[in-house]
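Engineer: this one's structure only:
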């Protein structure tokens with residue numbers, strides 16, 4: 001199929017005529033499960049080629065090649081027959097595949113991928129047309145398969161503007177920059193405990209790829225990642241993404257990282273590197289908090305993920321994590337405890353304040369990248385403010401952030417100059433009261449936040465001020481009490 005560039009557009013044009021599909025999010029979800037089966041089918045051909053004893057977990061009738069591929073002889077299912085097969089045979093079969101603890105990952109992923117998947121299309125003729133476009137991809141051809149990896153990236157980007165699905169997508173410029181600065185090495189294992197569609201994992205693999213020289217290296221490369229994603233849809237996209245990146249055994253799991261007692265983690269559960277953009281703005285139920293020590297039990301999702309990261313980073317391990325401003329300046333008890341732990345047990349060496357609108361249109365809240373390692377307590381922390389590139393008022397879907405926009409940071413990182421400030425750990429803990437919001441960013445007044453972001457920002461600032469007032473009042477009371 002020569003024209004890969006029109007691939008998404010052709011699918012969209014066909015689906016537009018189907019009454020069952022309502023909006024972009026459903027359209028992409030519909031494409032996603034078919035792509036997964038197509039990519040999985042190509043993988044299974046490889047596995048069968050390399051292993052005579054390979055047996056698919058998918059019953060013959062439900063394997064892509066046996067129901068979706070159209071040999072143009074007129075025998076391929078279409079219309080009501082195809083619709084009936086997909087709704088009443090394919091989906092029920094794949095959702096109920098027999099999976100136990102001993103099922104190999106590469107087989108178990110089919111059942112996890114389909115656990116909550118849906119077929120939205122109601123017109124069997126249009127469904128056949130969509131299936132044919134997807135089946136036209138030649139994934140056995142290295143060039144085409146590689147080009148399709150880029151197209152898949154475009155599909156993930158399009159998700160960003162498909163309503164709520166955008167929360168799973170971190171701009172590629174950001175994940176690439178973080179992976180670059182963390183300098184992966186063969187033999188290391190990285191983790192992302194809320195991996196979405198797999199952006200950080202693919203950026204990590206891209207950096208590692210250049211170092212693969214031997215078969216052992218290739219094996220280490222394949223085993224170098226670990227991901228957890230709690231939402232079904234991004235999980236499906238992530239697994240497909242991993243298969244496209246030649247990970248035959250994608251160690252990505254459909255689960256919630258916050259539902260595990262952090263104190264139960266042992267060295268076996270720790271990783272050399274953590275790269276993450278934890279979900280923020282979410283509030284977790286009380287039972288989630290019970291998995292954390294009382295002083296770290298925040299109701300803010302990003303805070304809880306910070307604790308998970310600290311408990312799951314190996315000695316001498318390193319991490320790069322995106323966090324919202326609220327974490328930096330927040331002074332409620334849980335945030336203070338988390339920041340105390342961060343500075344006293346980890347080396348928070350660099351904080352990079354990103355320009356606003358990096359995540360637009362999903363959120364307009366300003367975000368920061370925290371780089372730290374587990375080599376001992378923090379001695380000093382550098383704060384670097386990355387400004388908007390020249391000629392940009394703000395980033396948008398049509399003018400997204402690019403990797404070269406990070407060039408000033410990379411240059412500074414190597415050579416150091418006056419654009420950044422550093423503070424010692426005792427300054428941060430003492431007179432600054434664990435306020436890590438030290439980029440001196442001129443908070444641009446004309447930045448109009450979306451209503452929900454505005455409310456969240458006010459709530460964070462209010463709780464921070466309340467905590468500050470309580471602290472000062474407690475000090476005054478103590479002094480008055482002590483003076484009698």
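Structural biologist: That came in fine, so what should we check first? Small disclaimer: the values here were computed from a predicted structure and weren't measured. Numbers count the residues shown, from 1 in each chain.
Engineer: in the stretch 301-450 of the chain, which spans are helices?
Structural biologist: Using DSSP state H, counting those that start in this stretch, the helices found in the stretch 301-450 of the chain span residues 301-312, 325-329, 333-345, 407-415, 425-429.
Engineer: For residue 277, find the nearest of those helices.
Structural biologist: helix 301-312 (9.3 Å; Cβ to Cβ). To be clear about C-beta, it is placed using only N, CA and C from the backbone, and glycine gets the same treatment.
Engineer: Show me what that closest one is packed against.
Structural biologist: strand 271-276, strand 313-324, helix 325-329, helix 333-345 (3 or more Cβ pairs under 8 Å, 6 or more residues apart in numbering; DSSP states H and E).
Engineer: at 7 Å what do you get?
Structural biologist: Judged by 3 or more Cβ pairs under 7 Å, 6 or more residues apart in numbering; DSSP states H and E, the packing partners of helix 301-312 are strand 271-276, strand 313-324, helix 333-345.
Engineer: ok, back up a step: just put the helices of the stretch 301-450 of the chain in a markdown table and tack on mean neighbour count, mean pLDDT and distance to residue 215.
Structural biologist: Formatted as a markdown table, the helices of the stretch 301-450 of the chain follow (neighbours: other Cβ atoms under 10 Å; pLDDT from 0 to 100; distance: least, Cβ to Cβ, whole Å):
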| stretch | mean neighbour count | mean pLDDT | distance to residue 215 |
| --- | --- | --- | --- |
| helix 301-312 | 23 | 94 | 29 |
| helix 325-329 | 22 | 87 | 43 |
| helix 333-345 | 19 | 93 | 38 |
| helix 407-415 | 14 | 84 | 33 |
| helix 425-429 | 16 | 86 | 45 |
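Engineer: Mind checking these for the one nearest to residue 209?
Structural biologist: helix 407-415 (19.7 Å).
Engineer: How about residues contacting that closest one?
Structural biologist: Outside of helix 407-415, the residues within contact range by Cβ atoms under 7 Å, 6 or more residues apart in numbering are 181, 352, 384, 386, 419, 420.
Engineer: Closest one to residue 464 out of those residues, please.
Structural biologist: Comparing the contacts of helix 407-415 against residue 464 with Cβ to Cβ picks out residue 352 as the nearest, at 21.4 Å.
Engineer: For the nearest residue to that closest one once chain neighbours are set aside, list each beta-bridge partner.
Structural biologist: Using Cβ to Cβ, 6 or more residues apart in numbering and skipping residues adjacent in sequence, the residue nearest residue 352 is residue 369, 4.5 Å away. According to DSSP bridges, the residues that bridge with residue 369 are residue 322, residue 352.
Engineer: so residue 191, which of the three states?
Structural biologist: strand (DSSP: H, G, I helix; E, B strand; the rest coil).
Engineer: quick one on the thing from earlier: among the contacts of helix 407-415, which are in strands?
Structural biologist: Judged by DSSP state E, these include 352, 384 as members of strands.
Engineer: Where is pLDDT lowest across the contacts of helix 407-415?
Structural biologist: The member of those with the lowest pLDDT is residue 419, at 66.
Engineer: Provide the count of other residues in contact range of the residue nearest to residue 352.
Structural biologist: If you count neighbours by other Cβ atoms under 10 Å, residue 369 ends up with 22.
Engineer: Ok, residue 465 next?
Structural biologist: Residue 465: 12 surrounding residues under other Cβ under 10 Å.
Engineer: Now residue 236. Nearest residue, chain neighbours left out?
Structural biologist: Per Cβ to Cβ, 6+ apart, closest to residue 236 is residue 113, 4.8 Å.
Engineer: Tell me if I'm right that the one you found and residue 37 touch.
Structural biologist: No - with contact defined as Cβ atoms under 7 Å, residue 113 does not reach residue 37; the gap is 9.0 Å.
Engineer: Low-confidence stretches in the stretch 151-300 of the chain?
Structural biologist: Along the stretch 151-300 of the chain, the model assigns pLDDT under 70 to residues 158-168, 283.
Engineer: one more time with 80, if that's ok
Structural biologist: Where the stretch 151-300 of the chain drops to pLDDT under 80, the residues are 151-169, 281-286.
Engineer: Pull out the buried positions in stretch 372-387.
Structural biologist: Taking 16 or more other Cβ atoms under 10 Å as the neighbour-count basis, stretch 372-387 is seen to contain the buried residues 372, 373, 374, 378, 381, 382, 383, 384, 385, 386.
Engineer: would TSV of those with distance to residue 324 be doable?
Structural biologist: Converted to TSV, these look like this (distance: Cβ to Cβ, whole Å):
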residue	distance to residue 324
372	17
373	22
374	23
378	21
381	18
382	20
383	16
384	17
385	16
386	16
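Engineer: From those residues, pick the one nearest residue 53.
Structural biologist: Nearest to residue 53, judged by Cβ to Cβ, of the buried residues of stretch 372-387 is residue 374 at 43.1 Å.
Engineer: burial measure for the closest residue to residue 433 other than its chain neighbours, as a count.
Structural biologist: Excluding the flanking residues, the one nearest residue 433 by Cβ to Cβ, 6+ apart is residue 331, at 6.3 Å. By other Cβ under 10 Å, the residues close to residue 331 number 19.
Engineer: Wait, residue 331 touches residue 468, no?
Structural biologist: Yes - using Cβ under 7 Å, residue 331 is in contact with residue 468, at 5.6 Å.
Engineer: TSV for the contacts of helix 407-415, including distance to residue 52?
Structural biologist: Formatted as TSV, those follow (distance: Cβ to Cβ, whole Å):
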residue	distance to residue 52
181	45
352	52
384	56
386	54
419	61
420	59
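Engineer: Would you check which pair of the contacts of helix 407-415 lies furthest apart?
Structural biologist: Across the contacts of helix 407-415, no pair lies farther apart than 181 and 419, at 16.4 Å, counting by Cβ to Cβ.
Engineer: higher neighbour count, the two?
Structural biologist: Neighbour comparison, residue 181 and residue 419: the larger count goes to residue 181, with 18 against 13 (by other Cβ under 10 Å).
Engineer: Distance-wise, check that one relative to residue 175.
Structural biologist: Distance, residue 181 to residue 175, by Cβ to Cβ, to the nearest Å: 11 Å.
Engineer: Could you do residue 406 as well?
Structural biologist: 11 Å.
Engineer: Among those two, which residue is more densely surrounded?
Structural biologist: Legend: neighbour count by other Cβ under 10 Å for residue 406 and residue 175, higher for residue 175 (26 against 23).
Engineer: Pull the contacting residues for the more buried one.
Structural biologist: Counting by Cβ under 7 Å, 6+ apart, residue 175 touches 199, 200, 203.
Engineer: Report the buried members of those.
Structural biologist: Applying 16+ other Cβ under 10 Å to those flags 199, 200, 203 as buried.
Engineer: would you say the second one is within a strand?
Structural biologist: No - following the definition three-state DSSP, residue 200 is helix and is not counted among the residues of a strand.
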